[in-house]
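Undergrad: sequence-free structure coming up:
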């Protein structure tokens, strides 16, 4: 019974091993830090942040970047920006969706509905490349999970446009960014102060917009994050209570054996 | 284990049991005499059974929603994550469950190495266990391909390409494995089929593994045989069952911590980028549990040599019962082996670390060193130790040290 600490050893070695694995990639420059409300065991999204983030995505990013896995209905669902259903319907209706074919065999456009996926800026990857100097503006559905650093990476990248160092050779249509692996990025510095006008009166600084849109993209990549945190807390609490009960029952049971000398 | 013949009480049960002795089997499993000095390192067998069942149940449900097609697989995973009820939970349990499965199996294997559980009369248990382990690696590798992300695709490309090292027929075998001239849709669909099939083969082997275990009975921390059943053993139920349950619950707390709070920590970010045959990731790495073998593979300068070394490192594990010449099972009474055991643990951890690094400079040097040591441990140290080592005196029975209070 005194071997409980063995489990501690197991846990430590596991964490050690995974930490090794994590470090294992190329060394990276440290990303900008800020307070993310969704980090930690009780982490939740900040509704205001997600709503502003959607606004930044919609007014700025969406002209090149798609989010093909989000539907308009997601904007009103629990754990997301939680726009009211009416507002969300209006958002959906503000987009033209291609539907069909109709009974004549023709495609037609109609206003968007809640069930529609986010309308994409380009028909296909080739079209997006053609319009962006050969670079594909990545789909943002799981972007926050597809980059090391996640939200912090996107947040840093958006603020990482600086002048290239002396003598650095940049091609036409390529920009220098501190946080981009390899420092060369084909996306120009799109954000500038007061680029959007927030409805809630928040001042739209570059930092604020970067943070809002990074949070929004984190939610877009992981819409179940809040549900997951909530369930996780309950599950672990339940397991701890059950393990404690089992532990004492086990000791009681085994005491019979050891006393049977 | 010889046991008294079990006869059910009721007439109906007797009728049934004499035709199909399921009740006798249940009785055996319940009363199965287990050494009473087993420590918590012995609870991982139960934990592994739980892992296997969890993987199968979550996997069967995931397969209802997953689409095995190169154009749709990546999107179908997102469909599971977003639109399937509790799909995110199923997928995160399944993906991290594989890691937890391997964590448990590594502890289980190292426990057997420490306490000499692979030695006579338990060689069959060990060999079946090693076959299970190899099948687990194959299953996990193919499972990792299914999301059809960048690491899925390129991992599959690298690993299947290993077979091209085989002289003469290598290229043909690779084409046959791929079902074409590159990793593509036919590769994905056959991997899905095999990923679904192999776990059931594992279930069958687990039954044999447990069956083989129940012939000689459990080894134990002091590695000596049971002298007196009444003194040295306890019935499996409830004593060992409740201990296994407690250990499982602790294991589940760690499992849940990963699933609910850091579900992507063990995965590679590139696997959230859809597979693209035109873009090679800067650094292709397999999942963490395959890294030691990846390090061995890359330590050898020739491709064929690397493949031979990698498969060789598994093969020597299978013949381990005959490489170890020591009469004493448990490392508790083998002062020198104990030291070499921990060096081996450090060596395998080092191989895992080096497997994740780019094989250049010092990384490559240490990768080679660790690879050589791995083989030296099994092929030289283990056979020689058996003859040279002066072992400590063994206790006369299991109950003796237990009553002394040192388990």
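TA: Looks like it arrived, so ask away. The model shown is predicted, which means the values in this text are computed figures rather than measured ones.
Undergrad: alpha carbons only for contacts and neighbour counts from here, please
TA: Noted.
Undergrad: Need the nearest residue in space to residue B:393, chain neighbours excluded.
TA: Distance criterion C-alpha to C-alpha, 6 or more residues apart in numbering or on different chains; nearest residue to residue B:393, sequence neighbours excluded, is residue B:333 at 7.1 Å.
Undergrad: Check the burial of the one you found by counting its neighbours.
TA: Residue B:333: 19 surrounding residues under other C-alpha atoms under 10 Å in any protein chain shown.
Undergrad: That one and residue B:30, how far apart?
TA: Between residue B:333 and residue B:30 the computed distance is 32 Å (C-alpha to C-alpha, to the nearest Å).
Undergrad: With residue A:63 instead?
TA: For residue A:63, the distance to residue B:30 - C-alpha to C-alpha - is 66 Å.
Undergrad: again with residue A:149
TA: With C-alpha to C-alpha as the criterion, residue A:149 and residue B:30 are 50 Å apart.
Undergrad: do residue A:184 as well
TA: 66 Å.
Undergrad: now do residue A:188
TA: 69 Å.
Undergrad: ok, now residue B:263?
TA: Relative to residue B:30, residue B:263 is positioned 37 Å away (C-alpha to C-alpha).
Undergrad: What of residue B:302?
TA: 53 Å.
Undergrad: okay, the two: which has more neighbours?
TA: residue B:30 (15 against 12).
Undergrad: Can you name the residues that contact that one?
TA: Residues near residue B:30 by C-alpha atoms under 8 Å, 6 or more residues apart in numbering or on different chains: B:235, B:236, B:237, B:238.
Undergrad: Low-confidence ranges, the chain, go.
TA: No chain specified, so I'll use chain A. A:1-28, A:258-261 (pLDDT under 70).
Undergrad: let's do chain B instead
TA: Using pLDDT under 70, chain B drops low at B:1-4, B:401-407.
Undergrad: now with 80?
TA: Scanning chain B for pLDDT under 80 picks out B:1-4, B:400-407.
Undergrad: what does it have sitting close to chain A?
TA: With the criterion set to C-alpha under 8 Å from any C-alpha of the partner chain, chain B comes near chain A through B:39-40, B:75, B:78-79, B:82, B:88-89, B:103, B:239, B:242-243, B:245-246, B:249-250, B:252-254, B:256-257, B:259-261, B:265-266, B:269-273, B:283, B:288, B:349, B:353, B:356-357, B:403.
Undergrad: So which of those sit within strands?
TA: Judged by DSSP state E, strands contain none of the residues of chain B next to chain A.
Undergrad: Ignoring the adjacent residues along the chain, who's closest to the residue in the stretch 151-261 of chain A that chain B sits nearest to?
TA: Going by C-alpha to the nearest C-alpha, chain B is nearest to residue A:232 of the stretch 151-261 of chain A, at 5.0 Å. The shortest distance from residue A:232 to any non-neighbouring residue, by C-alpha to C-alpha, 6+ apart, is to residue B:260 (5.0 Å).
Undergrad: ok, now residue B:111?
TA: Per C-alpha to C-alpha, 6+ apart, closest to residue B:111 is residue B:41, 6.4 Å.
Undergrad: Hmm, the one you found is touching residue B:110, no?
TA: No: here residue B:41 does not reach residue B:110: they are 9.4 Å apart, not a contact under C-alpha atoms under 8 Å.
Undergrad: re the thing from before, who's in contact with the residue nearest to residue A:232?
TA: Going by C-alpha under 8 Å, 6+ apart, residue B:260 touches A:228, A:229, A:231, A:232.
Undergrad: quick one: which of those residues is most hemmed in?
TA: Greatest neighbour count in the contacts of residue B:260, by other C-alpha under 10 Å, goes to residue A:229: 23 neighbours.
Undergrad: now for the helix or strand containing that residue, which elements pack on it?
TA: In this structure, residue A:229 sits in helix A:225-259 according to DSSP states H and E. Other helices and strands packing on helix A:225-259, by 3 or more C-alpha pairs under 8 Å, 6 or more residues apart in numbering or on different chains; DSSP states H and E, are helix B:241-261.
Undergrad: what's whatever helix or strand comes next after the helix it packs on packed up against?
TA: Using DSSP H and E, the next helix or strand after helix B:241-261 towards the C-terminus is helix B:291-299. Under the contact criterion of 3+ C-alpha pairs under 8 Å, 6+ apart, helix B:291-299 touches helix B:303-318, helix B:335-355, helix B:361-376.
Undergrad: count of neighbours near residue 44?
TA: I went with chain A, as the question did not name one. 19.
Undergrad: I was thinking of chain B, sorry if that wasn't clear
TA: 23.
Undergrad: check contacts around it.
TA: Contacts of residue B:44 (C-alpha under 8 Å, 6+ apart): B:104, B:105, B:107, B:108, B:244.
Undergrad: ok, the fourth one - contacts?
TA: The one in question is residue B:108. If you count contacts by C-alpha under 8 Å, 6+ apart, residue B:108 has them with B:41, B:42, B:44, B:45.
Undergrad: 6 Å - rerun?
TA: residue B:44 (C-alpha atoms under 6 Å, 6 or more residues apart in numbering or on different chains).
Undergrad: Nearest to chain B: which residue in chain A?
TA: residue A:146 (4.5 Å).
Undergrad: surely that residue meets residue B:269?
TA: Yes: counting by C-alpha atoms under 6 Å, residue B:269 is a contact partner of residue A:146 at 4.5 Å.
Undergrad: Next, residue B:34: secondary structure please.
TA: Of the three states, residue B:34 takes strand under DSSP: H, G, I helix; E, B strand; the rest coil.
Undergrad: Tell me how many other residues crowd the residue nearest to residue B:66 when sequence neighbours are not counted.
TA: Of all residues not flanking residue B:66 in the chain, residue B:76 sits nearest, at 5.5 Å (C-alpha to C-alpha, 6+ apart). Neighbour count of residue B:76, defined by other C-alpha under 10 Å: 18.
Undergrad: what's the burial count for residue B:123?
TA: 19.
Undergrad: Kindly report the same for residue B:167.
TA: By other C-alpha under 10 Å, neighbour count at residue B:167 equals 9.
Undergrad: Relative to residue B:302, how far out is it?
TA: 13 Å.
Undergrad: Over to residue A:36?
TA: Taken as C-alpha to C-alpha, the span from residue A:36 to residue B:302 is 48 Å.
Undergrad: circling back to that earlier point, what's the overlap in contacts for residue B:41 and residue B:110?
TA: By C-alpha under 6 Å, 6+ apart, no residue touches both residue B:41 and residue B:110.
Undergrad: Report how many residues lie close to the residue nearest to residue B:111.
TA: Residue B:41: 18 neighbours (other C-alpha under 10 Å).
Undergrad: What's the separation between it and residue A:157?
TA: Distance check for residue B:41 against residue A:157: by C-alpha to C-alpha, it reads 47 Å.
Undergrad: One more: residue A:203?
TA: For residue A:203 relative to residue A:157 (C-alpha to C-alpha), the value is 20 Å.
Undergrad: Looking at the two, which one has more neighbours?
TA: Higher neighbour count among residue A:203 and residue A:157: residue A:157, with 19 against 15, using other C-alpha under 10 Å.
Undergrad: if I pick the more buried one, what's in contact with it?
TA: Residue A:157 makes contacts with residue A:179, as judged by C-alpha under 6 Å, 6+ apart.
Undergrad: go with 8 Å
TA: A:177, A:178, A:179, A:180.
Undergrad: My reading is that the last one lies in a strand. Confirm?
TA: No: secondary structure of residue A:180 (three-state DSSP): coil, not part of a strand.
Undergrad: Give me the nearest residue to it, chain neighbours excluded.
TA: residue A:157 (6.5 Å).
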